[in-house]
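I would like to see how this sequence folds:
(chains A and B)
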Protein chains: 2
Amino acid sequence: MPEFLTLLPPSEALKQLLDHLQSIPQSEEVGSPQALHRVTATAVLAPHALPSFDRSTVDGYAVRAADTYGASESLPAYLSLQGEIPMGSVPQFSLGPAKCALIHTGGMMPAGADAVVMLENTQSVSPGEIELLRSVAVAENVLRIGEDVDVNDEIIPLGKRLRPADIGGLMALGITKVLVAKRPVVGILSTGDEIVPPEAELKPGQVRDINSYTLSALVQESGGVALCYGIIPDELGLLRAQAQRALEECDLVVITAGSSASARDLTSQVINQLAPPGVLVHGVNVRPGKPTILAVCDGKAAIGLPGNPVSALVIAGLFIVPVIEALLGLVRRRPKPVIHGRLATNLASQAGREDWVPVRLSVEQEGYLVDPVFGKSNLIFNLVQADGLLRIPPDATGLSAGKEVEIQLF
Amino acid sequence: MPEFLTLLPPSEALKQLLDHLQSIPQSEEVGSPQALHRVTATAVLAPHALPSFDRSTVDGYAVRAADTYGASESLPAYLSLQGEIPMGSVPQFSLGPAKCALIHTGGMMPAGADAVVMLENTQSVSPGEIELLRSVAVAENVLRIGEDVDVNDEIIPLGKRLRPADIGGLMALGITKVLVAKRPVVGILSTGDEIVPPEAELKPGQVRDINSYTLSALVQESGGVALCYGIIPDELGLLRAQAQRALEECDLVVITAGSSASARDLTSQVINQLAPPGVLVHGVNVRPGKPTILAVCDGKAAIGLPGNPVSALVIAGLFIVPVIEALLGLVRRRPKPVIHGRLATNLASQAGREDWVPVRLSVEQEGYLVDPVFGKSNLIFNLVQADGLLRIPPDATGLSAGKEVEIQLF
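From the prediction side, this is the model:
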């Protein structure tokens, strides 16, 4: 089978695709509270220092540190109470020598004071007199202006997907709007004479459209917007017309092939007629998903997926998600968390090919047991019943029962 | 400090809270394509078998298996071609003895045929005559009716958060609507005389509201709806009135405390006045977040968070997210994926207390290096700069540099 020799591994195929993309990330301004999971289209700098005033990090007494030197439980220092510092406003006095002032966590340090003694290390001996059982150094229990963030510090880099904490960081600095990448629009075309809409009554020989919905959901999860172009019969002219429209309206075009051999060839024909350079990769050394087509037309990615719903979803994870991330300008990728587990059975695979096996996880005494979901064919319920995917790398000829493996949830 | 002896560990504190909740999960019907990440409020059964007809799993020739017995490369079997089976419709003929029919992947098996020979194992010797180089067993390369899913099979259990594959499974069976849990409404009250809205110009002594926004984002990520009740001054009557309103309008009420000691006491007073049983837990053996308040009022959870934005967000992950999941009826929880890495430095902790330390991850030759983000105080940019949280369990007195640790991304 000489065909196999020319198949690229998924990582190299993806690299070819991304290298040919003319990614022109477009940006838009959104309110920061609405920017959750959006990707920054610019680095964000601090417009001012934070904190913007010296503040106490504890409940206690603001003091001049020098007044506390030598204080201990056996030999306390005594300071007279000058007042209490209200939250949220400027202390109306300057702290004198041998004086202290009651201050709360986050309270503003009064002029003259340079440290705070924690409440736990003090006693009130008489009205107006405080006993200090510990000395403090200058700046102890005080957060100085700019100690968290200095003016013009880069607080959020370009190309970061915003998490709840990041939204909080923006709001802390009064940055109520933020420039983010526009959501890439992904056009999805489902083809196949046997495919009918989900709401249709099935006639014998027909199956319902699954891929439009699984792919739309995945696009949505990845930060894109899915635009479905419906189910298109296996006919060159019709498919080309819809693909052309999608290429004009979208940032990425995805065509899921019909099941018949002739329908599968249709996708590459149509893509090659859309715009140059056309098909870059036809066939990837991966299972499921070997007949994958990766193309670029006029700088935009066009991806042909196998019609089988499992292949389509696995391959979408390998190629569509990274293209969406490239279009979002996602520079600072989060590490991909995985589940570690112990493989329950031997798994065979073909050397040179990357395999993705749907697996179920069950809790063992120590960690997880990983059970492959075997099915006669790659049908959607193999994925529905699975918790994640196990990758068998190309250089393996299989994995042995008991082996520690990493699972990507989906 | 006897106070410490009575503090519950977070897991036990959470259990007390959940035990007192009167979770009455409410449900609503939504379109399946819109149900991504929603939680099923009912088990979903298959309305019919899938596939709904016997279909080929390969491209090849439909045959009677008996006609192929003994066929090999050295001694092929010869069958005459009866026709081609079109995709998406019923074959218009019944397969006769010593006949075969061209069939595509997913095509419907003709009456009379019981197996498929793969195209690769055949040759066309003359028009109308096919050479078979391999025998097939009955049912080989055929997916029988109901082999994927049988009628009334439970295809999706109650309390599962729907993923793209699950949406596909629903659509495959024509289930275009699904009953899901309503999104719990979470009321968020920010208190503190020093707190001002993010759009405000900061005066000395003031800080901007962060918690309303980080918590809203976390609620949204967890499948809830956040309703913000604004910034409320540290005044019992005002806070009680807003909390009462939130308790009536929401499924869960969250109050973030002001920073001053008196403001922190206010939360528990207000919660105890709302409705019985009131405060269940005041203080949890965790850092950050010791002053956490867990309460139930009239069957609804009320949670008092420390005002510090890091404490508030960490504690929200430990208590608010699980309450939302309980209100969603999330029975089948997904395993929580983590990042494994190597700790870069020694980390001290107090025995008996659970610590959560913000960490940064960097890529090493093998896996990740885990660096704690140290800050003088727990300020929001410690979290902004961090990739995740490292848990130091209560039975540890610290972790040593080089130790393999698990990181939860946030």
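
Mind checking what helix or strand follows the one helix or strand residue A:389 maps to in sequence?
Counting by DSSP states H and E, the element that carries residue A:389 is strand A:388-392. Per DSSP H and E, strand A:388-392 leads on to strand A:398-399 as the next helix or strand towards the C-terminus.

Tell me the residues of the stretch 301-410 of chain A that contact chain B?
Selection of the stretch 301-410 of chain A residues close to chain B by Cβ under 8 Å from any Cβ of the partner chain yields A:307-309, A:313, A:334-335, A:337-340, A:361, A:368, A:375-377, A:379-381, A:383-384, A:386-387, A:408-410. C-beta: built from backbone N, CA, C; applies to glycine.

From these, which land in helices?
Per DSSP state H, helices hold the following members of those: A:309, A:313, A:380, A:381, A:383, A:384.

And the furthest pair within the residues you listed?
The span of these, defined through Cβ to Cβ, is set by A:313 and A:381 at 12.5 Å.

Between those two, tell me which one has more neighbours.
Shown here are residue A:313 and residue A:381; by other Cβ atoms under 10 Å in any protein chain shown, residue A:313 has more neighbours (30 against 25).

How about the more buried one: what's its closest non-neighbour residue?
residue A:214 (5.0 Å; Cβ to Cβ, 6 or more residues apart in numbering or on different chains).

tell me the secondary structure for the one you found?
At residue A:214 the chain is in helix, as set by DSSP: H, G, I helix; E, B strand; the rest coil.

ok, now how distant is it from residue A:315?
11 Å (Cβ to Cβ, to the nearest Å).

try residue A:398
22 Å.

the more surrounded of those two?
residue A:315 (28 against 13).

Which secondary structure state is assigned to the more buried one?
helix.

excluding its backbone neighbours, what's nearest it?
Closest residue to residue A:315 apart from its sequence neighbours, by Cβ to Cβ, 6+ apart: residue A:289 at 3.9 Å.

and the closest residue in space to residue A:185 that isn't next to it in sequence, how many neighbours does it have?
Spatial nearest neighbour of residue A:185, chain neighbours left out: residue A:250 (4.5 Å); criterion: Cβ to Cβ, 6+ apart. When counting by other Cβ under 10 Å, one arrives at 22 neighbours for residue A:250.

Can you give me the distance of residue A:250 to residue A:170?
Taking Cβ to Cβ, one finds residue A:250 at 30 Å from residue A:170.

again, but for residue A:271
Taking Cβ to Cβ, one finds residue A:271 at 41 Å from residue A:170.

What ranges does the stretch 151-300 of chain A have for its helices?
Secondary structure of the stretch 151-300 of chain A, counting by DSSP state H, counting those that start in this stretch: helices at A:164-172, A:211-222, A:236-249, A:261-274.

Buried deepest among these, which one?
helix A:164-172 (a mean of 26; mean count of other Cβ atoms under 10 Å in any protein chain shown).

outside of that helix, which residues touch it?
Around helix A:164-172, the neighbours that count as contacts under Cβ atoms under 8 Å, 6 or more residues apart in numbering or on different chains are A:32-33, A:35-36, A:44, A:50, A:155-156, A:160, A:162, A:176, A:178, B:198, B:207-211, B:213-215, B:217-218, B:221, B:309, B:313, B:380-381, B:383-384, B:386, B:410.

Now with 7 Å, please.
Applying Cβ atoms under 7 Å, 6 or more residues apart in numbering or on different chains, the external contacts of helix A:164-172 come out as A:32-33, A:35-36, A:44, A:50, A:155-156, A:178, B:198, B:208-210, B:213-214, B:217-218, B:221, B:309, B:313, B:380-381, B:383-384, B:410.

what angle do it and helix B:211-221 make?
With axes from the mean of the first three to the mean of the last three Cα atoms, to 10 degrees defining the directions, helix A:164-172 sits at 150 degrees from helix B:211-221.

Tell me who's in contact with the nearest residue to residue A:262 once chain neighbours are set aside.
Counting by Cβ to Cβ, 6+ apart, residue A:234 is the residue found nearest to residue A:262 once chain neighbours are left out, at 7.0 Å. Residue A:234 sits next to A:191, A:192, A:193, A:258, A:260, A:262, A:263, A:266 when contact means Cβ under 7 Å, 6+ apart.
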